[in-house]
Structures are given as structure tokens and as C-alpha cells.
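Participant: Provided below are the primary sequence and the corresponding predicted coordinates.
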Amino acid sequence: MSIDLDHSLKGLERTEFYQRLLTSILVLLLVAFIVFMFFFSDIRNLYQAEMSRHTFDVLIMGLLLLSFLFVSYLAVKDNRIRQLRRTLIQEKTASAILENEREKLEVLLQIGALLNSNVGQQRVFDTICSGIVKCLRGDESSLMLYDPNHSNLKCVSAYGAKRELLLGQTVNWGESVAGWMAKHRVPLLLQKDLEQDKFNNFVKKERNITSAICLPLELGGDIKGILNVNLIDRPDREFDQHDLRIAKIFAQNAVLAIERALYTKATEKQEVATAAPA
């Protein structure tokens, strides 16, 4: 954001510089025209007959002084306006950043609230996927849980336009980006120039993912799943290290909510099985 703002300000200041230069040139041309009329035009004899040399010199000096004062006035006013505009832009940017951080905190609190709620398992998964998108202002996300019995990861929830295509997909342990991350347990900040050879059996996505954050969901030394959030067709924006830090905090809360939801579901199944007649 700051880079785009600085670039826009520099472009605006460059345009205003040329405008000020043009204004100054026009004023100087006006002065030159008047001087030319006094010294080199056909009306020279008329004013020489009507005024003394001293009066003429005073007139010329006054004209030059007024021109200088006018240009100085324009420069001072322009400088004040430029400072005021920069201050207003900085305040607006700071306000936008604070609002963005407030939204992130709100989402983190929402995920934290899941730890003390009795909502269903699927709702927990869906809230995590929608929450990470809102928190990082992404476009789509997916949550994959690790199945130790089949040694693979399965997408149990997704958010975004391609949600239906993502749900139910599986990735083998150690394969593609998700499987590699589950194996190595290393958060990844991925950009468009992805090193595909790094990942075994990498499958190129049909949609144009311009930036992504992938996080291993780990608890007590065990891998629980993978959380992924993407930017789609966003050449003007990409995730950065700050986004990655926020995502890590989000993931720490998310994995606790997931573990609680899985435990609650397993407990309910056990109670049903226990209550069932033999």
C-alpha cells in the first residue's frame, strides 16, 4: 500500500511541477511581452513623450517586482497545498490501515470464540475458510485435514468462486504444495513465479493464482491439516511477510478450534454408539 501511495504521490507531484513551471513561463512571457511593447514597439514614442525617464524606470521596476511577487505567491500557496494534501493522504492511509487491523482482530476473536461454542463441525471449518479470506482480504481459501489412515489430505471446506471444485479433493502425503507442506511443516509465501520443480507431482491450477499463503496446522507435534488462502488475478497486489505473520496467528487459533470440533464430533459418535442397543 505504501509503495503504491508513494508512487501516486510522486506522479502527482511531477504533474504539479510541470503545471507550476508552465504558469511561471506564462507570467514571464507576459512580462517579456510588456517590456517588448515598451522598448521595441511602435508605441514607444507615445509613452516617451508622455512620461519622464525616471517614471518609466519606476514603472518597469514595479512591473518586475509585481511579477516576482506573483510567482513567489504561487510557489508559497502551492507548497502549503502540497503539504496539506500529503497530510490528508497520510491520515486517510493510517485510517484505512487501522480499519484493516480492526477487521483482522475481529476475525481472530471470532475464531477464538469457536473454542467456547457448540457449533457444528462443518460450520467451524467454513468459518475458518471465510475468516482467513476476510482477515487477509484474499479471494479464495481451502482447508484440508490430514487422514493418517490413508496418508493423504482431504479438502473439507473452501471459500470462493471455485468452492465446489475444491471440496472433496485429496492430495497424497508429500505431493504437490499441500502434501509437501504437511511433510515439512513449513509455512509458505508463494508468488506467481512458483518453483514447481520443488514439489512432487505438482498440478498446475486452471485459475490464475497470483499470490498464496499456505500454512501447516500443527498441534502437539502432530499435523492436523493445511490452510491455504489465495489471490486470484491480482497483478497489482501480492501477500507479504506481514500477511504471513497474521496468517500464522490465525492458524494457531484455527487449529485449536478444529481439534475441539473433531473431538466433539468423535465424542458424540461414541455416545450414540454407547447408547445404541446391542
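Facilitator: Perfect, I can see it now. Predicted model only: the values in this text are computed from it and were never measured.
Participant: Spell out the secondary structure type for G168.
Facilitator: coil (DSSP: H, G, I helix; E, B strand; the rest coil).
Participant: wait, what's in contact with L189?
Facilitator: By C-beta atoms under 8 Å, 6 or more residues apart in numbering, the residues touching L189 are 212-213, 239-241, 243-244. For every residue, glycine as well, the C-beta is placed using N, CA and C.
Participant: pretty sure M144 is touching G225, no?
Facilitator: Yes: contact criterion C-beta atoms under 8 Å: M144 and G225 qualify, at 5.3 Å.
Participant: Overlap of the contact sets of the two?
Facilitator: Shared contacts of M144 and G225 (C-beta under 8 Å, 6+ apart): 153, 156.
Participant: Show me which of the contacts of L189 are buried.
Facilitator: 212-213, 239, 243-244 (16 or more other C-beta atoms under 10 Å).
Participant: Is it correct that G225 falls within a helix?
Facilitator: No: under three-state DSSP, G225 falls outside any helix and is assigned strand.
Participant: Just give the number of residues close to it.
Facilitator: Residues contacting G225 under the criterion other C-beta atoms under 10 Å number 27.
Participant: And for T210?
Facilitator: Around T210 there are 19 residues (other C-beta under 10 Å).
Participant: A247 now?
Facilitator: Number of residues near A247 (other C-beta under 10 Å) recorded here: 24.
Participant: For it, list the residues it contacts.
Facilitator: The neighbours of A247, taking C-beta under 8 Å, 6+ apart as the test, are 132, 135-136, 187, 213, 215, 227, 229.
Participant: same thing with L217?
Facilitator: 223-227, 251, 254-255, 258.
Participant: and of these, the nearest to N201?
Facilitator: I226 (15.6 Å; C-beta to C-beta).
Participant: about what we covered before: can you redo the contacts of L189 as JSON lines with pLDDT?
Facilitator: Output for the contacts of L189, formatted as JSON lines (pLDDT from 0 to 100):
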{"residue": "A212", "pLDDT": "93"}
{"residue": "I213", "pLDDT": "95"}
{"residue": "F239", "pLDDT": "92"}
{"residue": "D240", "pLDDT": "90"}
{"residue": "Q241", "pLDDT": "91"}
{"residue": "D243", "pLDDT": "90"}
{"residue": "L244", "pLDDT": "92"}
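Participant: quick check, nearest of those to T15?
Facilitator: Nearest to T15 among the contacts of L189, with distances taken as C-beta to C-beta, is D240, at 28.9 Å.
Participant: which residues touch the closest one?
Facilitator: Contact analysis of D240 by C-beta under 8 Å, 6+ apart lists L189.
Participant: Quick check: buried residues in whichever helix or strand H242 is part of?
Facilitator: Applying DSSP states H and E as the criterion places H242 in helix 241-275. Residues of helix 241-275 classed as buried: 243-244, 246-247, 250-251, 253-261 (neighbour count, 16+ other C-beta under 10 Å).
Participant: May I ask which two of the contacts of L217 are separated the most?
Facilitator: I223 and A254 (13.6 Å).
Participant: Please identify which of the contacts of L217 is nearest to R86.
Facilitator: A251 (37.7 Å).
Participant: number of nearby residues for the closest residue to that closest one other than its chain neighbours?
Facilitator: Using C-beta to C-beta, 6 or more residues apart in numbering and skipping the chain neighbours, the partner closest in space to A251 is L215 (4.4 Å). Using other C-beta under 10 Å, the number of residues around L215 comes to 25.
Participant: List the strands paired with the host helix or strand of L143, with their directions.
Facilitator: Using DSSP H and E, L143 falls within strand 140-147. Counting by DSSP bridges, the strands paired with strand 140-147 are strand 152-159 (antiparallel), strand 222-232 (antiparallel).
Participant: Any buried residues in it, and which?
Facilitator: Neighbour-count burial for strand 140-147, counted by 16+ other C-beta under 10 Å, picks out 140-146.
Participant: ok so, going back, the residue nearest to A251 against N253, yeah?
Facilitator: No: using C-beta under 8 Å as the test, L215 is too far from N253 to be in contact (11.7 Å).
Participant: still on that earlier bit, export the buried residues of strand 140-147 to CSV and tack on pLDDT?
Facilitator: Formatted as CSV, the buried residues of strand 140-147 follow (pLDDT from 0 to 100):
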residue, pLDDT
E140, 95
S141, 94
S142, 95
L143, 96
M144, 96
L145, 96
Y146, 94
